[in-house]
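>>> What would the 3D arrangement of this be:
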Amino acid sequence: MTDLRLVLKSLSARSTSTVVTCLLIAIAVALLISMRSLREAGRRSFTRGVGNAHLVVSGDSSPLVAVLNGIFYANPPRAPLPESKVTEIASSMPWAWTIPTQLGDSFRGFPVLGTTPAFLDDFEPAIGEPWRIRRPGRNIEGPFDVVLGSRVAAATGLGVGDRLFLTHGMGVDAAGGEVGIVDDPSATVEAEGDPHDGHDHDD
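Numbers count the residues shown, from 1 in each chain. Next up, the predicted model:
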């Protein structure tokens, strides 16, 4: 009797335990593959929003909170850096570029990011994929210019030249808060699939 026949005979004598063992191995392999796929999908999503940013400077309590608030707009920072500190950091090293950002206002539940023209000129939401500004739109130039993400523009129906009122505070619950200044959208940018395109804080 060959070794193979001995193995097959042994397996057939223990058919129940053999089937259970095979099922457990199959489940373990499927779980391992699923975990690896989820980890890779999470890594890709996280990397896409970070783009070509290499350093986030923040007064937040931890590096994770700093990235979530500074890149993914989870919440306004609890300890924002004063403008004097931002200027000091920007001039302390020969950075390729520095971009100050600040959250705090919203429009119909969408977060409003205060920043400079360098955000659209230098920062890429995904490496090698710069912002695409819909014409006849343009980058921000003055303190009251607004650039909309394509998702926000689609959800609100706003376009180039429309005017809007900002609300102090984040999320749809802040809709009854103090109404800010009237702003004028300058452009709509297309960066679909990343956090910079606009997300509702009620999501």
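
>>> Let's test this: mean pLDDT of the helix or strand harbouring G49, rounded?
Assessed by DSSP states H and E, G49 sits inside helix 15-50. Averaged across helix 15-50, pLDDT comes to 84.

>>> what's the answer for stretch 156-169, then?
Per-residue pLDDT over stretch 156-169 has a mean of 83.

>>> which parts of that stretch are buried?
For stretch 156-169, the neighbour count (16 or more other Cβ atoms under 10 Å) marks T156, L158, V160, L164, L166, T167, G169 as buried. (Each C-beta comes from the backbone N, C-alpha and C, glycine too.)

>>> Of those, which pair is most distant in space?
Distance extremes for the buried residues of stretch 156-169: the farthest pair is V160 and G169 at 26.5 Å, using Cβ to Cβ.

>>> shaky segments in the protein?
Filtered on pLDDT under 70, the chain yields the residue ranges 1, 7, 46-48, 170-184, 190-203.

>>> For it, just list every one of the helices.
Applying DSSP state H to the chain gives helices spanning 3-13, 15-50, 63-70, 83-92, 118-121, 150-156.

>>> Could you dump these into CSV with distance to E129 added?
As requested, the helices of the chain are exported to CSV (distance: least, Cβ to Cβ, whole Å):
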stretch, distance to E129
helix 3-13, 54
helix 15-50, 9
helix 63-70, 20
helix 83-92, 25
helix 118-121, 13
helix 150-156, 14
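
>>> hey, which of these is tucked in deepest?
Compared across the helices of the chain, helix 150-156 shows the largest average neighbour count, a mean of 18 (mean count of other Cβ atoms under 10 Å).

>>> Would you mind saying which of the helices of the chain lies nearest I140?
helix 118-121 (7.3 Å).

>>> So R138 is in contact with S186, correct?
Yes. Here R138 reaches S186: they are 5.3 Å apart, a contact under Cβ atoms under 8 Å.

>>> Between those two, point out the one with more neighbours.
The neighbour comparison of R138 against S186 (other Cβ atoms under 10 Å) goes to S186, with 20 against 14.

>>> Hmm, that one is touching P136, no?
No. Contact criterion Cβ under 8 Å: S186 and P136 do not qualify, at 9.7 Å.

>>> Name the residues contacting each of those two.
Counting by Cβ atoms under 8 Å, 6 or more residues apart in numbering, the residues touching both S186 and P136 are V160.

>>> Within its local environment, how many residues does V112 see?
V112: 21 surrounding residues under other Cβ under 10 Å.

>>> same deal with S61?
11.

>>> I figured it was touching R78, is that so?
Yes. Taking Cβ under 8 Å as the definition, S61 is a contact partner of R78 at 7.4 Å.

>>> Correct me if wrong: S58 contacts I71.
No. In this structure S58 lies outside contact range of I71 using Cβ under 8 Å: 10.0 Å.
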